[in-house]
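Chemist: Just need the structure, nothing else, for what follows:
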Amino acid sequence: MTQTEQKKGFGLKLKSKDPNKKKKAFKMWSAFSILMLIIASLVLISWILKWSGVTTDVFIPGYWENGEEGGNWIAGHIEKTPILAMGIIDLFIAPMKGFIDKSSVIIFIMVLGAFIGMVVSSKALEGFSQSIINKLKGKEIWAIIPLMTFFSIAGTTEGMAEESLGFYMIMVPLMIAAGFDTFTGLLIVLVGAGAGVLASTVNPFVISIAVDALGESPSGEQMSVGDGLVWRLISWFVITIASIAFVMMYARKVKNNPQKSITFATLEGDKKFFLSNAAEKINMNWRKKSTLAIFGLVFLVMIAYLVGWDSITRTKAMEDFAIWIKENIPYLASTIPGFGNGGLEIVAGFFLIGSIAIAMINTIGVKHNEGETGEAIFIKDFMAGAADILSVCLIIATAAGVGYLLRESHMQELFVNGLATSIGGIGSSIGKVILLYIVFLPLSFLIPSSSGFAAAIFPLLTGVVTNTSGQWDGVTASGSITAFSFASGLLNIITPTSGVVMGAMAICRVDYGKFLKGIMPLLGILFALSIVLLAVGGVIGGSIA
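Modeler: Have a look, this model is predicted:
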C-alpha cells in the first residue's frame, strides 16, 4: 500500500461489501412478545401517572353499609381516585388473570381443537374438500360471496367473535385446496364477521349495550335499538360489499400468481400442515360421511345456541322452551339455559359429545394394531387436537391481561373521562360524531371488548350528546352509537389486544406482521367509508343509530 493510499484509507484496510450477501430480513415478534410488551408499557405508564399525582373519576356502585338487614343503603356515586401504579410482578400476573377472565373462551377453544383433531384424523374433511373443489373447478372464487355474507350476517346480528375461531380450520384447508392461500381463508372469516360487527344492526353486544348504557336524557327521553335501523342496514350492505370485493380481488391475484401471496414463503409448509394427504384420493365411505354429518350438525348447534334469539325478538321464547324441556323431557338437560342464553362452555359440551360420537363411528368394528383399543385411540387423538390449540389459548389469556391491567390501574376510566371532556365544546353535530369516531379508535385498542367499551364510555357521554333543552340531539346521540360500532369494529379486526385476532393468527399460521401488511389497504377503505357514512347520515338528520 502506498503512502497516498494509506492516507486515503487512514491506514486501515476497508472491508468491501459482498454483493451476494443477503440482507437480514426483519422478523416480526411473536404474539406473546407483542402482548407482553404492551402490558409492560402500561405498567410503566401507570408509574408515570402515579408519580404525576393524576386522579380520575371512578364510579362506585351502590352497596349496603353494615349488611342489608338494618344497614344503610349507600347510593352509587363518583369518587376521585388516584391511578394505581402496577407492580413488576403484575406484569406476569396479568396473563393469569386474563386466563380466568376468558376461561369459558379457553375451554371452548381447547375442546374445539380436540374436536377438529378428531375430524382431521378421520380424513373426512380432506375428502369433503376434494369433492367441493372438484365441483367448483374454475369457479372457486365465487364461493367467497356466500361464505363472507354468512359471516357478516352473523356479525351484524349477534356479534360473532370468539365463536368464529371454530371456522378457520374449515376455511383454510378449503381455500388452499382451491388454489388460494391461508390468508384468503383467514380473511373470509375474520373480515366477513368483522365487517358485520363493524356495521352492527341489531348486535346486542354493540347496539343494545350502548343504547342501555346511554340511559335517559335529562328530559327523560329513551333511545331504542330500533332507532335508525334502516340506515344501519344500508351501512351494513355497503361495508359488506366493499369487504367481499377486497377479498375476492386478493384471492384472484393469488390464484393467478401464487408469488403475490402474503404467505408465499410458508405456502409449502401450509399445504403440508393443512392438507397432509392432499395427493391421496380420499374415499368418502359411510364412516367419513357420518363424521362429516356430525361435524356440520355440531357447528349448526353452536350457531343456533350462540345467537341471542330472545334479545333479537325481544321475547323469552327460548328461555321458556328450556324450561319446557326440563319439565317434559326428564334426564336430558337440567342445568343449561335455552338457545341463545348460554355461554361458550355449554357449546364446548356439545363439541365433546360430537367428539365421542366421531370416535365411536371411526373405531367400532375397525381392526386396531396389537395392544391398541378404540378408547386409547380416542384419547390420543383428542389430546393431540387439544395440544395443537394450546398456544392459541395462551395468546387469548395474555391479550385479556391487557384489559385486566387497565381496569385495575383505573387507566381505563382516565382515558374515558378525558374523551368526555374533550369534545363537549364542538358546535357541529356531524363534527362531534366524526371526532367521536376518531377518538374511539385508540380507545378500542385499549378496550377491545365492545360490551366493556360501551358500558364504560356511554354513561359519560350524556352531556355531550344532548342539546340545551336536555333532549337528545338526534344526530349526535344516535350517531355516537354508530361511531362506536364503526370504530370498535374496525380496530377489533386488527388489534393485538384481541384474543380473537391473535387466536386466528395462530390457528391460520399467519405472521402478525404479514397480516398487517395484507390488510392495511382494506382498513383504509373501511375507515374512509365509515367517515362518509357518518357524514351522510348526519346530513340526512334524525336518528342514525
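
Chemist: F167 versus G296, what's the distance?
Modeler: 12 Å (C-beta to C-beta, to the nearest Å). To be clear about C-beta, it is placed using only N, CA and C from the backbone, and glycine gets the same treatment.

Chemist: now swap in T266 and tell me
Modeler: 21 Å.

Chemist: same thing with I519?
Modeler: I519 is 18 Å from F167, by C-beta to C-beta.

Chemist: Between those two, tell me which one has more neighbours.
Modeler: F167 (25 against 22; other C-beta atoms under 10 Å).

Chemist: which SS class is that one?
Modeler: helix (DSSP: H, G, I helix; E, B strand; the rest coil).

Chemist: Same check on F273?
Modeler: helix.

Chemist: My guess is it contacts I507. True?
Modeler: No - the criterion here is C-beta atoms under 8 Å, and F273 misses it with I507 at 11.0 Å.

Chemist: what does the domain assignment say about the chain?
Modeler: 103-389, 395-540 (automatic domain parsing).

Chemist: what's the most buried one of the ones you listed?
Modeler: Among those, the stretch with the highest mean neighbour count (mean count of other C-beta atoms under 10 Å) is domain 395-540, at a mean of 20.

Chemist: Report the mean confidence score over it.
Modeler: In this model, domain 395-540 has a mean pLDDT of 81.

Chemist: next one: that domain to chain centre, how far?
Modeler: 14 Å (C-alpha atoms, centre = their mean, to the nearest Å).

Chemist: Straight-line length of it, end to end?
Modeler: 44 Å (C-alpha to C-alpha, to the nearest Å).

Chemist: With stretch 269-287 instead?
Modeler: 29 Å.

Chemist: can you list contacts of it?
Modeler: With contact meaning C-beta atoms under 8 Å, 6 or more residues apart in numbering, stretch 269-287 is reached by 122-124, 126-131, 172-173, 176-177, 181-182, 263, 288, 292, 361-362, 509.

Chemist: avg pLDDT for it?
Modeler: For stretch 269-287, the mean confidence score works out to 74.

Chemist: i'd like the first residue to be 379 from this point on
Modeler: Yes, from this point I'll number from 379; that puts the last item at stretch 647-665.

Chemist: how distant is stretch 456-465 from the center of its chain?
Modeler: On C-alpha atoms, centre = their mean, the centre of stretch 456-465 falls 29 Å from the chain's centre.

Chemist: no, scratch that, I was asking about stretch 578-592
Modeler: On C-alpha atoms, centre = their mean, the centre of stretch 578-592 falls 17 Å from the chain's centre.

Chemist: Could you look up the SS state of V888?
Modeler: coil.

Chemist: what's the answer for the one 10 residues further on, then?
Modeler: Reduced to three states with three-state DSSP, the structure at M898 is helix.

Chemist: Where does pLDDT dip in the stretch 629-778 of the chain?
Modeler: 654-658, 681, 684-686, 689-690, 718, 744-749 (pLDDT under 70).

Chemist: In it, what residue spans correspond to helices?
Modeler: 645-652, 664-684, 687-691, 695-706, 722-741, 752-766, 768-787 (DSSP state H, counting those that start in this stretch).

Chemist: could these be laid out in a markdown table, adding distance to A571?
Modeler: Converted to a markdown table, the helices of the stretch 629-778 of the chain look like this (distance: least, C-beta to C-beta, whole Å):
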| stretch | distance to A571 |
| --- | --- |
| helix 645-652 | 20 |
| helix 664-684 | 12 |
| helix 687-691 | 17 |
| helix 695-706 | 22 |
| helix 722-741 | 15 |
| helix 752-766 | 22 |
| helix 768-787 | 16 |
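
Chemist: right, and those helices - which one's nearest S430?
Modeler: helix 768-787 (13.5 Å; C-beta to C-beta).

Chemist: Please export the C-alpha coordinates of stretch 435-445 as PDB.
Modeler: What follows is stretch 435-445, C-alpha atoms only, in PDB (Å, rounded to 0.1, in the frame of the first residue of the first chain):
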ATOM      1  CA  ASP A 435     -63.400   9.900  38.400                       C
ATOM      2  CA  VAL A 436     -64.400   6.300  39.200                       C
ATOM      3  CA  PHE A 437     -68.000   5.200  39.600                       C
ATOM      4  CA  ILE A 438     -68.600   3.300  42.900                       C
ATOM      5  CA  PRO A 439     -71.700   1.100  42.700                       C
ATOM      6  CA  GLY A 440     -74.300   1.300  45.400                       C
ATOM      7  CA  TYR A 441     -73.900  -1.000  48.400                       C
ATOM      8  CA  TRP A 442     -75.400  -1.800  51.800                       C
ATOM      9  CA  GLU A 443     -73.400  -0.400  54.700                       C
ATOM     10  CA  ASN A 444     -73.100  -2.900  57.700                       C
ATOM     11  CA  GLY A 445     -75.200  -5.600  55.800                       C
END
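
Chemist: which other residues reach it?
Modeler: 449-459, 788, 791, 795, 837.

Chemist: switch to 7 Å and redo it
Modeler: The contact list for stretch 435-445, computed with C-beta atoms under 7 Å, 6 or more residues apart in numbering, reads 449-459, 788, 791, 795.

Chemist: In helices, which of those fall?
Modeler: E791, N795 (DSSP state H).

Chemist: Which PyMOL command selects the buried ones in the contacts of stretch 435-445?
Modeler: For the buried members of the contacts of stretch 435-445, the matching PyMOL selection, counting by 16 or more other C-beta atoms under 10 Å, is:
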select buried, resi 788+791+795
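
Chemist: Need phi/psi at D559.
Modeler: phi -140, psi 180 (degrees, to the nearest 10).

Chemist: Return the residues in contact with it.
Modeler: Per C-beta under 7 Å, 6+ apart, neighbours of D559: M553, V632, S639, T641, L645.

Chemist: so how far is A882 from I554?
Modeler: 16 Å.

Chemist: same question but for G476, I mixed them up
Modeler: Relative to A882, and taking C-beta to C-beta, G476 is found at 17 Å.

Chemist: Leaving out chain neighbours, which residue sits closest to F545?
Modeler: Leaving aside its sequence neighbours, F545 sits nearest to V567 (C-beta to C-beta, 6 or more residues apart in numbering; 5.0 Å).

Chemist: Which secondary structure element is home to the one you found?
Modeler: Per DSSP states H and E: V567 is located in helix 560-576.

Chemist: got the angle for that helix vs helix 645-652?
Modeler: Computed by axes from the mean of the first three to the mean of the last three C-alpha atoms, to 10 degrees, the angle separating helix 560-576 from helix 645-652 equals 70 degrees.

Chemist: averaged over its residues, what pLDDT does the helix or strand that helix 560-576 is followed by have?
Modeler: Once the chain leaves helix 560-576, the next helix or strand it forms, by DSSP H and E, is helix 587-592. Helix 587-592 comes out with an average pLDDT of 72.

Chemist: for helix 587-592, packing partners?
Modeler: helix 828-835, helix 852-869 (3 or more C-beta pairs under 7 Å, 6 or more residues apart in numbering; DSSP states H and E).

Chemist: Can you say which of these is nearest to T618?
Modeler: T618 sits nearest to helix 852-869 of all those, at 11.8 Å, using C-beta to C-beta.

Chemist: quick check, distance from the helix holding V567 to the centre of its chain.
Modeler: 10 Å.

Chemist: okay, the helices and strands packed on helix 587-592 in TSV with distance to A532 next?
Modeler: Output for the helices and strands packed on helix 587-592, formatted as TSV (distance: least, C-beta to C-beta, whole Å):
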stretch	distance to A532
helix 828-835	15
helix 852-869	13
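
Chemist: and S876, which of those helices is closest to it?
Modeler: helix 852-869 (8.3 Å).

Chemist: Which residue, neighbours along the chain excluded, lies closest to Y815?
Modeler: Using C-beta to C-beta, 6+ apart, the nearest residue to Y815 is A861, at 3.9 Å.
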